[in-house]
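Undergrad: 3D model of this:
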Amino acid sequence: LLDEALTARQQWKTLAEHFGRLDVTSQFELREQLFNEKLKDVDDASRYIGVFKSGRQRFAEMGVTVTEDEAIFLLLHGLPKTTDW
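TA: Predicted coordinates:
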């Protein structure tokens with residue numbers, strides 16, 4: 001994937017092109033990942049919110065608009081159905 005003959009800038013560009021997938025499949029995979037994310041317990045809240053922040057950032061990098069309503073739905077979907085931990 002990388003070549004020592006390339007400059008650092010060229011290598012970063014190669015990595016970005018390889019790992020910065022923007023295709024529709026990647027978008028649906030990310031949506032599915034966020035949809036399936038679950039809050040485990042009250043101590044898991046920071047991680048849980050962080051996953052959604054990272055997901056929204058990734059969508060922004062893909063040039064995909066995620067509405068506030070969609071973001072709220074995805075976030076609420078992973079909350080426990082009861083208050084029993």
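Undergrad: would you put the C-alpha positions of stretch 9-18 in CSV?
TA: Taking C-alpha atoms only, stretch 9-18 is exported to CSV below (Å, rounded to 0.1, in the frame of the first residue of the first chain):
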residue,chain,number,x,y,z
ARG,A,9,2.2,13.8,1.8
GLN,A,10,1.7,11.3,-1.0
GLN,A,11,1.6,8.4,1.5
TRP,A,12,-1.0,10.3,3.6
LYS,A,13,-3.1,10.8,0.5
THR,A,14,-2.8,7.1,-0.4
LEU,A,15,-3.9,6.1,3.2
ALA,A,16,-6.8,8.6,3.1
GLU,A,17,-8.0,7.3,-0.3
HIS,A,18,-7.8,3.7,0.9
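Undergrad: what about that stretch, distance to the chain center?
TA: 20 Å (CA atoms, centre = their mean, to the nearest Å).
Undergrad: and the next element down the chain from the lowest-mean-pLDDT helix or strand in the chain?
TA: Every helix and strand of the chain was ranked by mean pLDDT, DSSP states H and E. The lowest is helix 8-19, at a mean of 82. Sequence-wise, the next helix or strand downstream of helix 8-19 (DSSP states H and E) is helix 24-36.
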